[in-house]
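Asks: Compute the structure for the input listed below.
(2 chains)
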Protein chains: 2
Amino acid sequence: MAKLIRKNYLMAPGPTPVPIDLLLEGAKDTIHHRTPQYLDIQNKALENLKYLFQTKNNVYTLAASGTGAMEAAVANLVSPGDTAIAVNGGKFGERWCELCKAYGTNLVEIDIEWGKYVRVEQIKKELEKHPETRAVFTTLSETSTGVVHPIKEIAEIVKETNAVLVVDAISGMLAEPLKMDEWNIDVVVSGVQKGFMMPPGVAIIALSEKAMEIVENSNSHRYYFDLRAYKKSFPDSPYTPPVNLVYQLLKSTDMLKEETIENVWERHRILAEATRAATKAMNLELFAERPGNVLTAIKVPQNVDGKGIVKFLRDEWGVTFAGGQSQLKGKIIRIAHLGYMSKFDVIVAVSALEMAFNKFGFEIELGKGVKAAEEVFMKEGV
Amino acid sequence: MAKLIRKNYLMAPGPTPVPIDLLLEGAKDTIHHRTPQYLDIQNKALENLKYLFQTKNNVYTLAASGTGAMEAAVANLVSPGDTAIAVNGGKFGERWCELCKAYGTNLVEIDIEWGKYVRVEQIKKELEKHPETRAVFTTLSETSTGVVHPIKEIAEIVKETNAVLVVDAISGMLAEPLKMDEWNIDVVVSGVQKGFMMPPGVAIIALSEKAMEIVENSNSHRYYFDLRAYKKSFPDSPYTPPVNLVYQLLKSTDMLKEETIENVWERHRILAEATRAATKAMNLELFAERPGNVLTAIKVPQNVDGKGIVKFLRDEWGVTFAGGQSQLKGKIIRIAHLGYMSKFDVIVAVSALEMAFNKFGFEIELGKGVKAAEEVFMKEGV
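Replies: Purely as a prediction, here's the structure:
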């Protein structure tokens, strides 16, 4: 039997596809990091990040993956024995809890059924019960479930307390609206291998003045992630920065800034809507109660081998979706529409699902999902 | 209104998309061409080409685009005043005629209505009328119309005469079955920016012993394209070869050889069938009487702006099809499924057409073409 050419379609929620222009930017001559030439590049990238985070605060980059910035938030904001609230509604809410425990935090965990979003009232209740709370750790887009939590509303509650609000926007940044200053968010962490369309390797963290004050007075053990060092050398770096990735970060943020943050949000919304419309047209169910624009989590129908179909799509057809993690293994398929994605990427994703589900015993009328996605694009005039 | 990310989908019949691995191969250190290191690379590439051309004859590469190899064929095979027959059924058949005229050939032109294929009887008749004919110039895949001429059958006629059969397989090579030795073809010319998945810059020509004898005795004015010089220095090059392109040629031909020529032909056939099925499902008409696997030419329906839709697809959505050339300007759209193309490229092409035709006033039920293409892929089990 003939074998067709298998191209790679990276449709998992990070790393996401990298435009060739950005890849080539990373192939430029590595210069020394303690030079005015390099500092100028880093400084410009950091300025761009302020705009993208919608903040006047300093934004810091760390040579780390996103989890590094999460650790920096915990290590710098809660001292051993401090009380912190964390929303745990998936793999990445769970990571906040693990980090808090690793740093000896007195943790108040808000457990949310995976797939559901946290209600503002739950946060409010815990804050009232624990007025000593130092920080509230939340997630913008819970990558493991596709849920988006109501960060703006949560921020309105937290700002009335002494606690700081920390938002993991690693996958959510750029795909979901987020206005750090206007919404009164104290700390936002992100990574570059998602909406920024970059290869992994840079974590980002922005902190309000209120947060920076806590940082100065925290007594957790920390060194590489000690944000006091980053503040002191800002906009320079205390340790060797990932020079070539910072070239890419400047180019990426230049591109995003030129596009405008509003358009970046909007294009993610349209791709997500098309994917959701296609899902319904294929008689598949959305998993998330409040699905966002980062990814669409689809429930695997009964009697379909959920792990098998994801593996098949990746290995045989080159289409990489993410399956479910932990308790959701084999139960959901996560289709990212994040970062460097055109409307035809959504078409490819849906077409791949139409054909693969039929192969795996779940009947879908061919073309029906694609039709629904195309209708959304036609309606949006894109 | 939001603007989505526009990726580039190169779906014209050359240049075709280049895999990143091949692009990077061209970015390797340029070495000197008069070294055993370089010669080894070129020699291996030429050996691979013999397999892909299905010939034991020498295959020569020229630093030129495909037209250079066409000129080499004319300049070396017909002396001024010699009689040659050329099949003119499109832009590239026309090119044979122009070349013959430029070299003072006594040209017998077989004019074919664009979109139709040449009948073997037409060739036979002219050969009988002109027994002095030195060469018959034909085209495997006439890129301007999407027609494939019956080369195997033509070769059966020509081999009984003193004439040599010259086949322009620039776009057809690899997409259409072609067996140089078995079919008794004397000269095959090709280029690398098509089925070879390479950037343009290398032309290829293979010649039988019967053809090489004519070359030795031809007295046309020629220098750069004088194949006697290429034969003399073979497998080295008489003039500076395009070193980095030859790196890519070795990698490309290694990949194709490993895949096997039969699979290369077969995957082109499947993509073409899916595209034709989609065309019919969209109630659009095929232009070619004998459509091939290089490209599908679709008639632009009455009242649709054929030039406008091609321009719109390219400039607004990043999908580059070819329009019609010369007398076919605005009348056809040519969708290539040539070279580095996956089944999802066909899906993208069809989806783009479904949406764009609706925008341009020709109603197509969304998803219908995609469905037909998917059905072909499911049936073929790919």
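
Asks: how about the helix ranked longest in chain A: buried residues?
Replies: Among the segments of chain A that qualify as a helix by DSSP state H, the longest is helix A:261-281. Neighbour-count burial for helix A:261-281 flags A:261, A:264-279, A:281 (criterion: 16 or more other CB atoms under 10 Å in any protein chain shown). In this view, the C-beta of every residue, glycine as well, is placed from N, C-alpha and C.

Asks: residues making contact with the next helix or strand along the chain from that helix?
Replies: Note on helix A:261-281: by DSSP states H and E, the next helix or strand toward the C-terminus is strand A:295-299. Here strand A:295-299 makes contact (CB atoms under 8 Å, 6 or more residues apart in numbering or on different chains) with A:13, A:115, A:141, A:143, A:145-146, A:171, A:272, A:275-276, A:279, A:284-288, A:291, A:322, A:324, A:331-338, A:353.

Asks: Show the buried residues in those residues.
Replies: In the contacts of strand A:295-299, the ones that pass as buried (16+ other CB under 10 Å) are A:13, A:115, A:141, A:143, A:145-146, A:171, A:272, A:275-276, A:279, A:284, A:286-288, A:291, A:322, A:324, A:331-338, A:353.

Asks: contact partners of the helix or strand hosting residue A:335?
Replies: With the criterion set as DSSP H and E, the secondary-structure element containing residue A:335 is strand A:332-336. The contact list for strand A:332-336 (CB under 8 Å, 6+ apart) reads A:11-14, A:16, A:143, A:145-146, A:275, A:287, A:294-300, A:306, A:309-310, A:321-324, A:349, A:353.

Asks: what inclination does it have with respect to helix A:261-281?
Replies: 150 degrees (axes from the mean of the first three to the mean of the last three CA atoms, to 10 degrees).

Asks: residues from the stretch 1-150 of chain A in reach of chain B?
Replies: A:1, A:2, A:3, A:4, A:5, A:6, A:7, A:9, A:20 (CB under 8 Å from any CB of the partner chain).

Asks: Which of those residues fall within strands?
Replies: Using DSSP state E, the subset of the residues of the stretch 1-150 of chain A next to chain B located in strands is residue A:9.

Asks: Using pLDDT, spot the least trustworthy of the residues of the stretch 1-150 of chain A next to chain B.
Replies: The lowest pLDDT within these belongs to residue A:1, with 83.

Asks: Can you get me a residue count around that one?
Replies: If you count neighbours by other CB atoms under 10 Å in any protein chain shown, residue A:1 ends up with 7.

Asks: Could you tell me how many residues sit around the nearest residue to it once chain neighbours are set aside?
Replies: Distances taken as CB to CB, 6 or more residues apart in numbering or on different chains put residue B:381 closest to residue A:1, at 5.8 Å, once the chain neighbours are dropped. Around residue B:381 there are 9 other residues, counting by other CB under 10 Å.

Asks: pretty sure residue B:381 is touching residue A:4, no?
Replies: No - using CB atoms under 8 Å, residue B:381 is not in contact with residue A:4, being 10.4 Å away.

Asks: Which single residue in the stretch 151-300 of chain A comes nearest to chain B?
Replies: Here the residue of the stretch 151-300 of chain A nearest chain B is residue A:266; by CB to the nearest CB that distance is 3.8 Å.

Asks: mind listing the strands for chain A?
Replies: Counting by DSSP E, the strands of chain A are A:9-10, A:59-63, A:83-88, A:106-111, A:135-139, A:141-142, A:147-148, A:164-168, A:187-191, A:202-207, A:295-299, A:319-320, A:322-323, A:332-336.

Asks: Can you mark which positions in the third one are buried?
Replies: With burial defined by 16+ other CB under 10 Å, the residues of strand A:83-88 counted as buried are A:83, A:84, A:85, A:86, A:87, A:88.

Asks: Show the end-to-end separation of stretch A:30-41, please.
Replies: 12 Å (CA to CA, to the nearest Å).

Asks: which residues are in contact with that stretch?
Replies: A:235, A:236, A:237, A:240, A:241, A:243, A:244, A:246, A:247, A:250.

Asks: among the residues of the stretch 1-150 of chain A next to chain B, which two are most distant?
Replies: With distances taken as CB to CB, the most widely separated pair in these is A:1 and A:20, at 32.7 Å.

Asks: and residue A:50, how many neighbours?
Replies: Neighbour tally, residue A:50, other CB under 10 Å: 17.

Asks: For it, which non-adjacent residue is closest in space?
Replies: Using CB to CB, 6+ apart, the nearest residue to residue A:50 is residue A:59, at 5.6 Å.

Asks: Just give me the neighbour total for the one you found.
Replies: Residue A:59: 23 surrounding residues under other CB under 10 Å.

Asks: what's residue A:306 in contact with, if anything?
Replies: Residue A:306 neighbours (CB under 8 Å, 6+ apart): A:300, A:323, A:324, A:329, A:330, A:331, A:332, A:333.

Asks: That one and residue A:337, how far apart?
Replies: According to CB to CB, to the nearest Å, residue A:306 and residue A:337 sit 20 Å apart.

Asks: on that earlier part again, with pLDDT, distance to residue A:43 and neighbour count added, can I get the contacts of stretch A:30-41 in CSV?
Replies: Shown next, in CSV, are the contacts of stretch A:30-41 (pLDDT from 0 to 100; distance: CB to CB, whole Å; neighbours: other CB atoms under 10 Å in any protein chain shown):
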residue, pLDDT, distance to residue A:43, neighbour count
A:235, 96, 5, 17
A:236, 96, 9, 14
A:237, 96, 11, 22
A:240, 96, 17, 10
A:241, 97, 12, 20
A:243, 97, 14, 19
A:244, 98, 17, 17
A:246, 98, 10, 25
A:247, 98, 13, 23
A:250, 98, 9, 21
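
Asks: if you look at those, which of them are in helices?
Replies: A:243, A:244, A:246, A:247, A:250.

Asks: Now distance to residue A:208 too, for these, in JSON lines please.
Replies: Putting the ones in helices among the contacts of stretch A:30-41 into JSON lines (distance: CB to CB, whole Å) gives the following:
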{"residue": "A:243", "distance to residue A:208": "29"}
{"residue": "A:244", "distance to residue A:208": "31"}
{"residue": "A:246", "distance to residue A:208": "24"}
{"residue": "A:247", "distance to residue A:208": "29"}
{"residue": "A:250", "distance to residue A:208": "24"}
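
Asks: ok, and the closest non-adjacent residue to residue A:56?
Replies: residue A:181 (6.1 Å).

Asks: Please disregard the earlier target; I meant residue A:140.
Replies: residue A:172 (3.2 Å).

Asks: what's around that neighbour, how many residues?
Replies: By other CB under 10 Å, the burial measure for residue A:172, its neighbour count, is 30.

Asks: wait, isn't it in contact with residue A:338?
Replies: No - Residue A:172 is beyond contact range of residue A:338, at 9.4 Å (criterion: CB under 8 Å).

Asks: Would you mind measuring from residue A:259 to residue A:192?
Replies: For residue A:259, the distance to residue A:192 - CB to CB - is 16 Å.
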